[in-house]
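[1] Output the structure for:
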Amino acid sequence: MIPIRLTIQGLYSYQEKQTIDFTKLTSAGIFGIFGPVGSGKSSILEAITFALYGETERLNQKGDDRNYNMMNLKSEELLIEFVFKTGLPFNEYMALVKGRRNSKRFDEVKTLERTAYRKIQEGWGPILVEQLEEIIGLTYENFKRTIIIPQGKFQEFLQLTAAKRSEMMKELFHLQKYELSDEVGLLEKNNDAHMNQLMGMIQGLSEVTEELIQQKRSELSEQSKQLHELKVQLESMQQKSQEMSQLKTLHERMAHLESVLKNLETKKPEMEVLAKNLAEYEFCLIHFHPLLASIQEFEKRITNFQNEIRNYTTELDTTKKQNETNILELNQIRPTFENIPNLKKQVEELGKVLQIKKLQAEYLNLSKRVSEGEQFLIGFQLEIGQKNAKWETQIKELKQWKNQRPNVMILNKVREWYLINNQLDKQQNELQTEDQRIQKEKETQKVIFDKILEEWTLSGFETLLNRVNFTQTVSERIADIESDIQQNELEMEHFAVQAKLAAFASQLSGGSPCPLCGSLEHPHIFKLSDADEHLATLRQTKSELKDRLNQCRQWLLQGQQVQIQEQAILTREDEHHKDVARSQQQVANHLQLFEWPDFSTPELLNQAFDSLTVLEKQIHEGEHQNEQLQKELDQDLQKLETYKKKVDEFRHQIIGCLREEETLKAQIRYIIMEEWLPIQETQLQSDIQNIEQTIIATEKRYTLVFNLQEQLQKKIEQLAQTIETRKNDVEQEKSSLKQKYQELADKITRSAFTSEEKVKEILMLGMDLEKGKQQLESYRQQLAISQQQLMDTRQAMNGAFYDGIVHQQLKEQLEDANQKTIEKNKVCIQLENSLQKMDMDFKKLQELNHQKGQLEARASNLKTLKQLFKANGFVNYISTVYLQNLCADANDRFYRLSGQRLSLEITEDNSFQVRDFMNDGKVRHVKTLSGGQTFQAALSLALALADSVHRDHGTSENFFFLDEGFGSLDKESLQLVFDTLKTLRKENRMVGIISHVDELQQEIDTCLKITNSENSGSLITLGY
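    Here you go, the predicted model:
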């Protein structure tokens, strides 16, 4: 991440808006931010971390009233705008924080609004503020350890515990990806499930063997042989059956053909008549039908022509009568039509008279509006003058009210004093509550300890127990009881042995061997009386001793806990007394700061603020009213100017009306204007419309009648010509018809027919020649074919005789043989399928056994991986490797900075230690380093860590910010810091240093200087 620009306003000691251009600073490599203590240097880093993560180092979100305490007490709003670039390639982002103080409640600052943006071309596109952590690639805690290190946190990574350091390495370098135990467990589970499934499948195929397969093959061979014999018998019988079926077919065909031939012989007379009719019809159709059709067509045309002549003659008479009527109407319209030009001139001049009347009416209206406008302007100017006087009066009142306002800065200072005073009172109350809580806890611990002492006394111990000798006395008593228990156990063991010997002795008898020594003689038999009773007593004693031992251990534990608690309470009480003293001193110091006797109580201050609020409201309302009045005056002046222009416009319109009226009067020549002017405008318009309608109607009717007369005359001529033409056509058709009749008579005379009627009778039959000929030809073909087929069938039978009974017996024998063959074939197919399935199952079984071996090997490998990834083992190993690499990178710098005297090493538990080459290379704890050496080691680690993080994120440039005062270092350690910074300058790094040490400022050329003034707050200036 590389910072580009930071803008701060209203944060902590920053009142005015301050902007830092980091591009000028980072270009120098190493830069500083210097200023005295409390000037606001660390606030710059807090602004960056809060903009990115919403977290600060000083204040918690809950309990510290962070929003109120972050905002400057003299500011009404807070602003943080941080622009940076990151990623590969670089992308620019902006983190924005805004907040406002409640205008009515000073101590209420609502939630600070955080937003984020990404640069898109020339603008900014919004993104989720939660994405910033993902974009930077670091959590807040790790951001403070690698990029921006707050005050007091510089050496944190060096001093972290091994567990926290490993956790940090996992977060920084995303080592969670090496946490594969869940994935291995899932693979193992899937492998086991696959193995179980595989074993089930193997179990289902376990009955398949090579011997069983060979047995099935032998059985299939025997059945196939029997099937072949059945098929040979079946083929022989099928051949005989086929011959009998063919003979049956020929016998049935011969009977059928004899029947068909007999039927055809009966139709022979009918076919002969059909042949005669077809010949006559075809002759008439060829020789007489065209001539008869032509005669009929001539007769039809003659009739049509005669009908047309009658219709045209009737239409000609009607048209002549209509033409005579139309000529009379045309003569009536002609005088009016010829007078139309005069009527049009009259209409034109009447229109001008109408315009003159409108101009006269408009003149009267405009004259009235000019008079009314002049009166309105006089009144409106008077009203504007009154408003202007009221506006000047309000200006004076506002000035007086503003002069009455109290000094707001003094009121704010007094209110700030009272707010701090309230916080101090609250702190006093909390301290008092804490004191009561401490006393109560002390009393509780005393009661617990007194109860222990009471139980000790009641238990009958002789030693007097008190707080001084408690631990020693109880511990000694525990040791005594443990010794008594050991002695008791020895006695119990002794009596147990004696009791066993007595049991053996009780079983001895003369002549029987001893189970211990084998002797057959027993002169002195062992006897033990009351052994069981002694053992019971010892067991009871041991139980009582254990109870007392547990009781003493419980007292010791409780007493030690009480002592620890009391010691912690005493420590808290000492700290509490110090806090009380500090608080009382703060109260005394704060009371001395009060210097406003006019506001000696909060009520007086509140009254002053209330008066200020009322006065501010009064001023605000007055300014608003004055502003509204000013707007009204401006609007009224604009209206006044508009009204004046409108009145002048009316005057110009009056002059235009008079001029236009004179022009129109000069253009009237054909009518007497004085006769028409008195007429009402509506009547005048009606007269004009009547004349115009007369002109239009006359022109339209004249044109219509004239055109109709021309059309009628033309139609009369056409009808006369058509009638004459049709008469000539009738004469020609009659001559042609006479010739056709003569031709028909000649043809009948030469034919076998006696008259025209006989010919028409034959043609009336309407026979289908094609169909008739086909029917006759079909009959002749069927007759010839049937005769030939009957002769062929008789030759095919060759005198053979068909026996149906023999044929039926052969069919039954064939069906039986066929059924046996089918059943035998089914048996063979079943055996083949069974053998094929057994072959497949045997191959599958071999494949499954092969897979089983693979799964068993995989299970063994997964078990090894499971042990490897167990309890984050692999992640911790990778973390150790990263840490060792980090240590090696840091030593490249630390070894040089320390003058080849020191280097860092990683212990087995991932802690840091130092190897001292000035003392024979022996190792020692990092806490034994001096202040300057610790700085060198911490800086080397921090830079190596930052380099690793940037390499992991794929960025070449990197940035590092260190907030460390260095005020606690001696001159020698401070000189080491200077030497270290000089080496960083040579490495061309971007490193920012925050400090108040004057000597450090001389070592860094490019820097920001922070100053804090009472009036303006913290100010930032660029120095070189």
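[2] mind listing the helices in the stretch 801-950 of the chain by residue range?
    Per DSSP state H, counting those that start in this stretch, the stretch 801-950 of the chain carries helices over the ranges 804-869, 873-897, 931-952.
[3] And for the stretch 401-550 of the chain?
    408-458, 470-506, 531-592.
[4] For the longest one, name the packing helices and strands.
    In terms of contacts (3 or more C-beta pairs under 8 Å, 6 or more residues apart in numbering; DSSP states H and E), helix 531-592 is packed against helix 408-458, helix 470-506. In this view, the C-beta of every residue, glycine as well, is placed from N, C-alpha and C.
[5] ranking these by mean pLDDT, which is last?
    Among the helices and strands packed on helix 531-592, helix 470-506 has the lowest mean pLDDT, at a mean of 77.
[6] now that helix, how far from the centre of its chain.
    Chain-centre distance of helix 470-506: 78 Å, with C-alpha atoms, centre = their mean, to the nearest Å.
[7] quick check: angle from that helix to helix 531-592?
    Between helix 470-506 and helix 531-592, the angle comes out at 160 degrees (axes from the mean of the first three to the mean of the last three C-alpha atoms, to 10 degrees).
[8] So which bits of helix 470-506 are buried?
    Across helix 470-506, burial judged by 16 or more other C-beta atoms under 10 Å covers 470, 473-474, 477-478, 481, 484-485, 488, 492, 495, 502, 505.
[9] same question, stretch 362-372
    Result for stretch 362-372 [16+ other C-beta under 10 Å]: buried residues 362-363, 366, 369-370.
[10] Tell me how far that stretch lies from the chain's centre.
    On C-alpha atoms, centre = their mean, the centre of stretch 362-372 falls 72 Å from that of its chain.
[11] Run through who's touching it.
    Contacts with stretch 362-372, where a contact means C-beta atoms under 8 Å, 6 or more residues apart in numbering, come from 647, 650-651, 653-654, 657-658, 661.
[12] Then stretch 639-650?
    Here stretch 639-650 makes contact (C-beta under 8 Å, 6+ apart) with 366, 369-370, 373-374, 376-377, 380-381, 384.
[13] Next step: those residues restricted to helices.
    Taking DSSP state H as the definition of helices, the contacts of stretch 639-650 contribute 366, 369-370, 373-374, 376-377, 380-381, 384.
[14] Most neighbours out of those residues, which is it?
    Neighbour counts for the ones in helices among the contacts of stretch 639-650 (other C-beta atoms under 10 Å) peak at Leu366, which has 19 neighbours.
[15] mind checking how far it is from Leu677?
    Separation of Leu366 from Leu677 (C-beta to C-beta, to the nearest Å): 20 Å.
[16] which SS state does Phe961 fall under?
    strand (DSSP: H, G, I helix; E, B strand; the rest coil).
[17] Hmm, Lys144 and it touching each other?
    No. Judged on C-beta atoms under 8 Å, Phe961 makes no contact with Lys144 at a distance of 10.0 Å.
[18] Pop the domain breakdown of the protein in here.
    2-161+962-970+991-1023, 289-336+704-750, 353-404+616-665, 419-503+536-592 (automatic domain parsing).
[19] avg pLDDT for the first one?
    When you say that, I think you mean domain 2-161+962-970+991-1023. What domain 2-161+962-970+991-1023 shows for mean pLDDT is 84.
[20] Show me how far that domain is from its chain's centre.
    So, by C-alpha atoms, centre = their mean, the centroid of domain 2-161+962-970+991-1023 is 34 Å from its chain's centroid.
[21] Quick one: end-to-end length of it, please.
    Taking C-alpha to C-alpha, to the nearest Å, the first and last residues of domain 2-161+962-970+991-1023 lie 21 Å apart.
[22] would you say Glu1003 is within a helix?
    No. Using three-state DSSP, the assignment for Glu1003 is coil, not a helix.
[23] you'd agree it is up against Lys982?
    Yes. With contact defined as C-beta under 8 Å, Glu1003 reaches Lys982; the gap is 7.2 Å.
[24] Tell me which of those two has more neighbours.
    Comparing Glu1003 with Lys982 by other C-beta under 10 Å, the one with more neighbours is Glu1003, at 17 against 11.
[25] quick one on the thing from earlier: could you dump the ones in helices among the contacts of stretch 639-650 to TSV with pLDDT and distance to Leu814?
    TSV is the format used below for these (pLDDT from 0 to 100; distance: C-beta to C-beta, whole Å):
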residue	pLDDT	distance to Leu814
Leu366	82	130
Arg369	84	129
Val370	83	134
Gly373	82	132
Glu374	82	137
Phe376	82	132
Leu377	82	135
Phe380	80	132
Gln381	83	137
Ile384	82	134
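[26] tell me the phi and psi of Phe54?
    Residue 54: Gly, not Phe. Here is the backbone geometry of Gly54 (degrees, to the nearest 10): phi 70, psi 20.
[27] Got the phi and psi for the closest residue in space to it that isn't next to it in sequence?
    Leaving aside its chain neighbours, Gly54 sits nearest to Arg114 (5.7 Å; criterion: C-beta to C-beta, 6 or more residues apart in numbering). Dihedral pair for Arg114: phi -110, psi 130, per degrees, to the nearest 10.
[28] how many neighbours does Arg114 have?
    Burial measure for Arg114: 19 neighbouring residues, criterion other C-beta under 10 Å.
[29] unless I'm mixing things up, Arg548 is touching Ile481, no?
    Yes. Between Arg548 and Ile481 a contact is recorded at 5.6 Å, counting by C-beta under 8 Å.
[30] now, which of the buried residues of helix 470-506 sits nearest Arg896?
    Nearest to Arg896 out of those is Phe470 (C-beta to C-beta; 57.8 Å).
[31] Spatially nearest residue to that closest one, not counting backbone neighbours?
    Of all residues not flanking Phe470 in the chain, Gly559 sits nearest, at 5.2 Å (C-beta to C-beta, 6+ apart).
[32] mind listing what the nearest residue to Ser611 once chain neighbours are set aside touches?
    Among residues not flanking Ser611 along the chain, Pro406 sits closest, at 7.7 Å (C-beta to C-beta, 6+ apart). Going by C-beta under 8 Å, 6+ apart, Pro406 touches 608, 611-612.
[33] Can I get the buried residues of helix 470-506 in TSV including distance to Asn861?
    Conversion of the buried residues of helix 470-506 to TSV gives the following (distance: C-beta to C-beta, whole Å):
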residue	distance to Asn861
Phe470	60
Thr473	62
Val474	57
Arg477	59
Ile478	54
Ile481	56
Asp484	58
Ile485	53
Asn488	57
Met492	55
Phe495	59
Ala502	63
Ala505	65
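[34] Report the buried members of the contacts of Pro406.
    With burial judged by 16+ other C-beta under 10 Å, the buried subset of those is 608, 612.
[35] Closest one to Thr266 out of the contacts of Pro406, please.
    Leu612 (141.1 Å).
[36] Is the closest one within a helix or a strand, and which one?
    helix 602-666 (DSSP states H and E).
[37] swap in Lys345?
    Using DSSP H and E, Lys345 falls within helix 340-403.
[38] so that helix versus helix 602-666, what angle?
    Using the same axes, to 10 degrees: helix 340-403 against helix 602-666 is 160 degrees.
[39] re earlier: which one in the contacts of Pro406 is the model shakiest on?
    Within these, Leu612 has the lowest pLDDT, namely 79.
[40] Am I right that that residue is in contact with Leu411?
    Yes. Counting by C-beta under 8 Å, Leu411 is a contact partner of Leu612 at 6.8 Å.
[41] Endpoints of stretch 118-138, how far apart?
    First-to-last residue span, stretch 118-138, C-alpha to C-alpha: 18 Å.
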